[in-house]
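Asker: Next come a sequence and a model predicted from it.
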Amino acid sequence: MSPGHYIALSAILFTIGGLGVLVRRNAIVVFMCVELMLNATNLAFVTFARMHGRLDGQIIAFFVMVVAAAEVVVGLAIIMTIFRTRRSSSVDDANLLKY
Amino acid sequence: MTASTLLAQGADIPAPHIEYDQLGPTLLVFGAALVGVLVEAFAGRAARFGAQVTLTALGLVGALGWTIWLAADSKPHHVAAEGAIGVDGPTLFLQGTILILAILSLMLIAERRNAHFTAQASALPGTEAEQETTAAGIVQTEVFPLMLFAVGGMLMFPASNDLLTMFVALEVMSLPLYLLCGLARRRRLLSQEAAVKYFLLGAFSSAFFLYGTALLYGYAGSVRLGDIAAQLDKDAGSETLLLAGVALLSVGLLFKLGAVPFHMWKPDVYQGAPTPITALMASCTLVAAFGAMLRVYYVGLEHLKWDWRPAMWGVAILTMVAGAIIAITQTDLKRMLAYSSIAHAGFLLTGVIATSTDGLSSTLFYLVAYGFTTIGAFAVITMVRDTGGEAAHLSRWAGLGKRSPVVAGAFAFFLLAFAGIPLTSGFTGKFAVFKAAVEAGATPLVVVGVLSSAIAAFFYVRVIVVMFFSEPEADGPTVVAAPVTAAAVALGLAATVVLGVLPQPVLDLAGHAATQMFVR
């Protein structure tokens, strides 16, 4: 397989993630779709590193993983608090702030 | 050289050379934040609040002093930390601005008389547990380290000379802000909802930023802005990767500015977040985001300007017009100021589009002027209170000018500065960015800018009319002038007047910083 296939796969994964954020209703699932987008990015970084014959793309993937982990900590904390308050993690139920 | 040979040399990777003195301000803020975490864990409950405020203030003031020393010491124009961080005139100017505005926001955050933050974020709203912790006077002070981490990220964001550092800075800046948004003492449901919305949309946009970075890495083989610019000069590489990368990267950056069509989070978050945090986001985050925007477009993508300018024109026009028009229908003052902030992001974008030294210096000046005014305005909002906390609904402000003319007068002055009336800092700032845009050939953009300023003036004046020319309600809100908040209002007012009447010293400073341009 040529590296181009991996780039295509990464673009497909990124699109699935992006669509998921837009159409899914559960905050946890929305958040998982964001994580899918970040992982698609990692695949792109690693593939481009291979294509350019450089290592920094692979190192960047580690940075992204660390940042994604930190994001999980903060995100789950926030989603947990709102779930405990409202007994629902649907993003449609959070509708007090509008207009 | 292939990856495998590089791997074979793994043992010889040299240790990076870090210029600690050049990175001092950022490191000092992060250091203070880490000490703050330890204070939170080990200091006794009685001593904690005082210790945290002192530590935060010392960290910010020390970093400001260090930044001024760096700027005065010599003409700094170089990269530090192996090229990851740029130390140059515009960056130091932006960092100084962020630190001054953060100190002002700290004055609002540290206000004890009108406590803005929940006693314990984990206690459910409206339960006995919450009442108990409030009654027992338990105060968690994690807001201070969180704020320091956010400010540290903001200092790093405009200084990042490569896109990876910029992404990490973006997250370091955003993650604490997501949490801070959810910590309001009153109206906690709104506050938590703001946090969830800000978090989900923020994470979504940072994924776009990162994918843009990945595509630009594929284009140039490096994430360094200078290398991307060099690759652009060579006119080599895949144009598809380049344009898609720039588009996705811009989505991430424009989201942080709140430019239309990526503005949806701003009104909700500004309304729901505790007002001191709104002040911090409306001033410091905007400065940091514009700093990063300027660096990316002036350093990395300057030679691509014929491609990104038309898109940016569209975004700027949409932002100015939509911000001003939607603000007219708002009845909540915080929400109205959020839309006003969107419109101001549009005015600032005209300065970015200019891509000239004048464009840079006028944007820098505008950011200073707008930052002071916006903190002052939100500080006034924290002072007007009724039994349920802040009375942010416009109808509650009816007749405030008769009950407390000083506070209403100060707010009216801030609104006039937002509208850009002469002799306020808002006029000087707008004049400077519009002048730079006209000189760069963006006259139609400036015409739209002036027209939407006129629309915006309508809703600012409407608030003034409500405050001064309508009868006060019998059970209207009271003005609680806590000393520290009042001092923040006074400082914001002083800066708004001085930058309007005598703007030349700061204009010179911004111009001097801009002549050095960003380092590659």
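Answerer: Perfect, I can see it now.
Asker: top helix in the chain by residue count?
Answerer: As the question left the chain open, I've gone with chain A. With secondary structure taken from DSSP state H, chain A has its longest helix at helix A:56-86.
Asker: oops, I was thinking of chain B
Answerer: helix B:188-220.
Asker: Would you mind getting the angle between that helix and helix A:56-86?
Answerer: Going by axes from the mean of the first three to the mean of the last three Cα atoms, to 10 degrees, helix B:188-220 is angled at 170 degrees with respect to helix A:56-86.
Asker: Just name whatever secondary elements helix B:188-220 is in contact with.
Answerer: Where contact means 3 or more Cβ pairs under 8 Å, 6 or more residues apart in numbering or on different chains; DSSP states H and E, helix B:188-220 is packed against helix A:3-23, helix A:27-52, helix A:56-86, helix B:163-181, helix B:225-234, helix B:239-257, helix B:265-272. For every residue, glycine as well, the C-beta is placed using N, CA and C.
Asker: Any idea how many residues pack against residue 25?
Answerer: Picking chain A for this. 11 (other Cβ atoms under 10 Å in any protein chain shown).
Asker: oops, chain B please
Answerer: The burial count assigned to residue B:25 is 29, neighbours taken as other Cβ under 10 Å.
Asker: on contacts alone, who are the packing partners of whichever helix or strand it is part of?
Answerer: For residue B:25, the enclosing helix or strand under DSSP states H and E is helix B:24-42. Helix B:24-42 makes packing contacts with helix B:45-73, helix B:89-109, helix B:143-159 when contacts are defined by 3+ Cβ pairs under 8 Å, 6+ apart.
Asker: With respect to chain A, which of the ones you listed lies nearest?
Answerer: helix B:143-159 (10.2 Å; Cβ to the nearest Cβ).
Asker: Let's see the closest one as CSV, backbone CA atoms only.
Answerer: Listed in CSV are the C-alpha atoms of helix B:143-159, where the atom choice follows Å, rounded to 0.1, in the frame of the first residue of the first chain:
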residue,chain,number,x,y,z
VAL,B,143,-9.6,29.1,40.3
PHE,B,144,-6.3,30.8,40.9
PRO,B,145,-3.9,28.0,39.6
LEU,B,146,-6.4,27.3,36.8
MET,B,147,-6.3,31.0,35.8
LEU,B,148,-2.5,31.0,35.9
PHE,B,149,-2.3,27.9,33.6
ALA,B,150,-4.7,29.6,31.2
VAL,B,151,-2.6,32.8,31.2
GLY,B,152,0.6,30.8,30.7
GLY,B,153,-1.0,29.2,27.7
MET,B,154,-2.1,32.6,26.4
LEU,B,155,1.5,33.9,26.7
MET,B,156,2.8,30.9,24.7
PHE,B,157,0.1,31.0,22.1
PRO,B,158,1.2,34.2,20.2
ALA,B,159,4.9,33.3,20.8
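Asker: Quick one: list the elements packing against that helix.
Answerer: Contacting helix B:143-159 under the criterion 3+ Cβ pairs under 8 Å, 6+ apart are the following elements: helix B:24-42, helix B:45-73, strand B:85-88, helix B:89-109, helix B:163-181, helix B:286-295.
Asker: Is it possible to get these out as JSON lines so that each row also shows mean pLDDT?
Answerer: As requested, the helices and strands packed on helix B:143-159 are arranged in JSON lines below (pLDDT from 0 to 100):
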{"stretch": "helix B:24-42", "mean pLDDT": "95"}
{"stretch": "helix B:45-73", "mean pLDDT": "92"}
{"stretch": "strand B:85-88", "mean pLDDT": "90"}
{"stretch": "helix B:89-109", "mean pLDDT": "95"}
{"stretch": "helix B:163-181", "mean pLDDT": "95"}
{"stretch": "helix B:286-295", "mean pLDDT": "95"}
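Asker: quick one, what contacts the spatially closest residue to residue B:225 that is not a sequence neighbour?
Answerer: Counting by Cβ to Cβ, 6 or more residues apart in numbering or on different chains, the nearest residue to residue B:225 once its immediate chain neighbours are dropped is residue B:300, at 3.7 Å. Contacts for residue B:300 (Cβ atoms under 8 Å, 6 or more residues apart in numbering or on different chains) come out as B:225, B:226, B:228, B:229.
Asker: check contacts around residue 66.
Answerer: Chain wasn't specified; assuming chain A. By Cβ under 8 Å, 6+ apart, residue A:66 has no neighbours at all.
Asker: looking at chain B here, not the other one
Answerer: With Cβ under 8 Å, 6+ apart as the criterion, the residues that contact residue B:66 are B:24, B:25, B:28.
Asker: if you set the cut-off to 10 Å instead, what comes out?
Answerer: In this structure, residue B:66 makes contact with B:21, B:22, B:23, B:24, B:25, B:26, B:27, B:28, B:29, B:95, B:99, judged by Cβ atoms under 10 Å, 6 or more residues apart in numbering or on different chains.
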